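**Student:** Everything below, folded, please.
(2 chains)
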Amino acid sequence: MTDVSATPAAAAASRSQGAGMKTALRWGLYLILGLFAIYYLMPLFVMLTTSLKSLEEIRTGDLVALPREVTFDAWAKAWSGACTGIQCEGVRPYFWNSVLIAVPGVLISTLLGAVNGYVIAQWRFKGANIIFALMLFGCFIPFQVVLLPMARLLGLMGIAGTIPGLVFVHVIYGLGFTTLFFRNYYVTIPQELVKAAKVDGAGFLRIFWSIFLPLSIPIIVVSVIWQFTQIWNDFLFGVSFSSAGTQPVTVALNNIVNSTTGVKEYNVDMAAAIIAALPTLLVYVVAGKYFIRGLTAGSVKG
Amino acid sequence: MAPILDIQHLYKNYGATEILKDINVSIEQGDFLVLVGPSGCGKSTLLNCIAGLEPITGGTLKIGGEDMTHVSPKDRDIAMVFQSYALYPTMSVAKNITFGMKVRGVDQATQERKLAEVARQLQIEPLLKRRPGQLSGGQRQRVAMGRALVRDPKLFLFDEPLSNLDAKLRVEMRTEIKSLHQRLGASMVYVTHDQIEAMTLATKIVVMKGGVIQQIGTPAEIYNKPANLFVADFMGSPAMNLIPAKARANGTGTKLEIAREGGAPIVLTDTRATNLPEDVILGLRPEDISEPGFRSGETVQEAQCQVEIVEPAGADTYVMTTLGGKQITARLHSETEAAPGAAHTFAFDLGKVSYFKPDTGERIL
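**Tutor:** Purely as a prediction, here's the structure:
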């Protein structure tokens, strides 16, 4: 019997066998995915439960057990009472510092990246490729390398240890990435669009504002998520270029955890860590689906 | 009156590469100029130069009598339709059409009046609120035309506007563009690689190759008196038959001897041609090789040839045979009895024959 002349019954049998196999594979896949999910969620679970326990319960209880009695004392203390060195104001002031650094940092670097990408992709000029390559290279420069020159530069500019100084550093460091995002996005937009707008009488800024920016929502979301995560989570620049009152929340978190004397307040540490991580989490939850869409937008655009 | 478009000695280089060489063209108000040629011949670059989207390396360019050589596109009083339509994706059809006026600060009332006018003209009124992404290819094409029409410019530029449409729609839009041109009496420059588009639309054709103008003329001139072998081969479908022949003076006329595989040469006599060099290339359109009895006159002569391929095309049947080592196409009526492998008598009409030099490809007569 050749394979092409199989009887209908045999074909049906092999089909149902195939279907059974498929279901088994599917369940196996879900099992593995489930295990990975548990593995990744475990630390968050421990942090969350620990932050809701009292110190007494942490000392006597099990690490992975649910709290016997839920208390938000640790959260309150982490927010406004925990000590970072000699001050005991919690993470609140530092949280706002981070907001003041991240929001302008994200907006400015995204806007500049958009303009850069627009110029490099659509207004080809001599040396455009070299400039783009150099900016790309900027993405790969390790933070440590720029620390000393940047400190000197901030000093010369008179913004060392200030929040504008940190914004400046993050804008500079983020430009390579945002330019790359926007350039790669705009490169997929046909040049004829610019030509048509030129014939219509629009100039450089008008074309950017009326035609390119409205097209850019997906990539703006990508840039905002990326930059916000980078800036909010940054520790090295934050610890290097800040002074007593301008430290971002990541630095404060470190200070809370590392500068306690006596009993380690794990519940407060955990609560502070979650507070510090919440904004980035929130950004992902709100805009995550646009993030994926934006990253793949260039390749599937019709 | 000054020509509406006047290009003198235009050169265009990219670095060391010459893209356009010594282009001289001018058209009058109401002309429909078609730039035609194979890909890479520089026709689109020339159009971009006219639009001001590409700087010119040398020469001058005047629109409406004014020197526009270094003027930016927005001040040239032109409108352009692009191959990809280049509609603004985030704007509605209405906004797309009025964008140019908005940028130029035309007042709202005028914008709306002109929009309504153009929408009616192109029958796109029901589409005005839609986005380009929601339109079909043909509709996008109309909107792109609307965006140009609404400007009422001195000169319309079209960059292969029909090449993204399917065959049927392309023919419809072609007719529409032609009727638009007749109605508006506007001056247009139109780029295409499709020689049929060129023939049907143009009042004047520029055939280009390798950045050099090969011939400028009316469609009839280009078709009947191609300036060289390239133009002869490029314009017309099926292409002109280019048959190597030996010419011998014969009293008042010339005897043309065409070699034939496995048989005596065909000898045709052209009573009007004189002083031909010995080696010539004979250019005959497929319709000038037909069934005997359909044309008469002293220019028509008959000869028998072996039929190789028969291609019925509905109204006509194309029949291929080999003469002078070249495949020759004859255009016969649809009920022809020519059959592959059999001999058939063809009537050669030398009334519109062209002669070319085999070495340079130049037209002799």
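
**Student:** all contacts plus neighbour counts: C-alpha atoms, from now on.
**Tutor:** Will do.

**Student:** shaky segments in the stretch 151-300 of chain A?
**Tutor:** For the stretch 151-300 of chain A, applying pLDDT under 70 flags the ranges A:260-261, A:293-300.

**Student:** Sketch out the helices for chain A, chain order is fine.
**Tutor:** With DSSP state H as the criterion, chain A has helices at A:8-51, A:55-60, A:73-80, A:92-122, A:128-138, A:143-157, A:163-186, A:191-199, A:204-207, A:213-215, A:217-233, A:236-240, A:249-258, A:266-300.

**Student:** Quick check on the closest residue to residue B:185 other than its chain neighbours: phi, psi?
**Tutor:** Take residue B:185 and drop its neighbours on the chain: the residue closest to it by Cα to Cα, 6 or more residues apart in numbering or on different chains is residue B:30, 5.0 Å away. Backbone geometry at residue B:30, expressed as degrees, to the nearest 10, gives phi 90, psi 0.

**Student:** who's in contact with residue B:30?
**Tutor:** Listed by Cα atoms under 8 Å, 6 or more residues apart in numbering or on different chains, the contact set of residue B:30 reads B:181, B:185-188.

**Student:** Nearest to residue B:55 among these?
**Tutor:** Of all the contacts of residue B:30, residue B:188 has the smallest distance to residue B:55: 20.7 Å, by Cα to Cα.

**Student:** Pretty sure that closest one sits in a strand.
**Tutor:** Yes: secondary structure assignment places residue B:188 in a strand (DSSP: H, G, I helix; E, B strand; the rest coil).

**Student:** quick revisit: top of the contacts of residue B:30 by neighbour count?
**Tutor:** Within those, most neighbours by other Cα atoms under 10 Å in any protein chain shown means residue B:188, with 27 neighbours.

**Student:** Show me what residue B:62 is bridged to.
**Tutor:** residue B:6, residue B:67 (DSSP bridges).

**Student:** Now for it: which residues touch it?
**Tutor:** Here residue B:62 is in contact with B:4-7, B:68-69 (Cα under 8 Å, 6+ apart).

**Student:** Generate a PyMOL selection restricted to the buried entries among these.
**Tutor:** Those of the contacts of residue B:62 that count as buried under 16 or more other Cα atoms under 10 Å in any protein chain shown are selected in PyMOL with:
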select buried, chain B and resi 4+5+6+7+68+69
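
**Student:** so which of the contacts of residue B:62 comes closest to residue B:240?
**Tutor:** Set against residue B:240, the nearest of the contacts of residue B:62 by Cα to Cα is residue B:7 (30.5 Å).

**Student:** OK, contacts around the residue nearest to that closest one when sequence neighbours are not counted?
**Tutor:** Nearest residue to residue B:7, sequence neighbours excluded (Cα to Cα, 6+ apart): residue B:61, at 4.6 Å. For residue B:61, the contacting residues are B:5-8, B:10, B:50, B:67-69, by Cα under 8 Å, 6+ apart.

**Student:** cool, and residue B:26?
**Tutor:** Residue B:26 touches B:3-7, counting by Cα under 8 Å, 6+ apart.

**Student:** if you set the cut-off to 7 Å instead, what comes out?
**Tutor:** B:3, B:5-7 (Cα atoms under 7 Å, 6 or more residues apart in numbering or on different chains).

**Student:** ok, the residue nearest to residue B:7 to chain A distance?
**Tutor:** Distance of residue B:61 to chain A, given as Cα to the nearest Cα, to the nearest Å: 17 Å.

**Student:** Next one, pLDDT for that residue please.
**Tutor:** Per-residue confidence (pLDDT) for residue B:61: 93.

**Student:** Next one: it relative to residue B:32, how far apart?
**Tutor:** Going from residue B:61 to residue B:32 by Cα to Cα, to the nearest Å gives 18 Å.

**Student:** Quickly note the distance from the most centrally placed residue in chain A to residue A:253.
**Tutor:** Geometric centre of chain A, nearest residue: residue A:229, 2.7 Å, by Cα atoms, centre = their mean. As for residue A:229, its distance to residue A:253 is 16 Å (criterion: Cα to Cα).

**Student:** which residues touch residue 128?
**Tutor:** Because you didn't say which chain, this covers chain A. residue A:120.

**Student:** hm, I was asking about chain B
**Tutor:** For residue B:128, the contact set (Cα under 7 Å, 6+ apart) comprises B:92-94.

**Student:** what about 10 Å?
**Tutor:** Shown in contact with residue B:128 (Cα atoms under 10 Å, 6 or more residues apart in numbering or on different chains): B:92-97, B:115-116, B:119, B:143.

**Student:** can you check residue B:133 too?
**Tutor:** A:302, B:87-92, B:140.

**Student:** same thing but at 8 Å, please
**Tutor:** Contact partners of residue B:133, counting by Cα under 8 Å, 6+ apart, are residue B:89.

**Student:** where does it land on pLDDT?
**Tutor:** Residue B:133 is given a pLDDT of 87.

**Student:** Let me know the distance separating it from residue B:303.
**Tutor:** Taking Cα to Cα, one finds residue B:133 at 59 Å from residue B:303.

**Student:** now swap in residue B:114 and tell me
**Tutor:** From residue B:114 to residue B:303 the distance is 62 Å (Cα to Cα).

**Student:** I figured residue B:316 was touching residue B:333, is that so?
**Tutor:** Yes: proximity of residue B:316 to residue B:333 meets the contact threshold set by Cα atoms under 8 Å, at 4.8 Å.

**Student:** Residue A:45: neighbour count?
**Tutor:** The tally of other residues near residue A:45 (other Cα under 10 Å) stands at 15.

**Student:** again, but for the one 5 residues further on
**Tutor:** Residues contacting residue A:50 under the criterion other Cα under 10 Å number 27.

**Student:** Around the closest residue to it other than its chain neighbours, how many other residues sit close by?
**Tutor:** Once flanking residues are discounted, residue A:50 sits nearest to residue A:267: 5.3 Å by Cα to Cα, 6+ apart. Residues lying near residue A:267 (other Cα under 10 Å) number 25.

**Student:** who's in contact with residue A:267?
**Tutor:** Neighbour list for residue A:267: A:50-55, A:58, A:74 [criterion: Cα under 8 Å, 6+ apart].

**Student:** likewise residue B:64?
**Tutor:** By Cα under 8 Å, 6+ apart, the contact set of residue B:64 is B:2-5, B:154.

**Student:** same thing but at 7 Å, please
**Tutor:** By Cα under 7 Å, 6+ apart, the neighbours of residue B:64 are B:2-5.

**Student:** and the closest residue to the residue nearest to the centre of chain A other than its chain neighbours, how far is that from residue B:91?
**Tutor:** Nearest non-adjacent residue to residue A:229, counting by Cα to Cα, 6+ apart: residue A:280, 5.7 Å away. To residue B:91, residue A:280 is 33 Å away according to Cα to Cα.

**Student:** Nearest spatial neighbour of the closest residue to chain B within the stretch 201-302 of chain A, chain-adjacent residues omitted?
**Tutor:** Evaluated by Cα to the nearest Cα, the stretch 201-302 of chain A has residue A:201 as its residue closest to chain B, separated by 4.3 Å. In space, and not counting its chain neighbours, residue A:201 is closest to residue B:74: 4.3 Å by Cα to Cα, 6+ apart.
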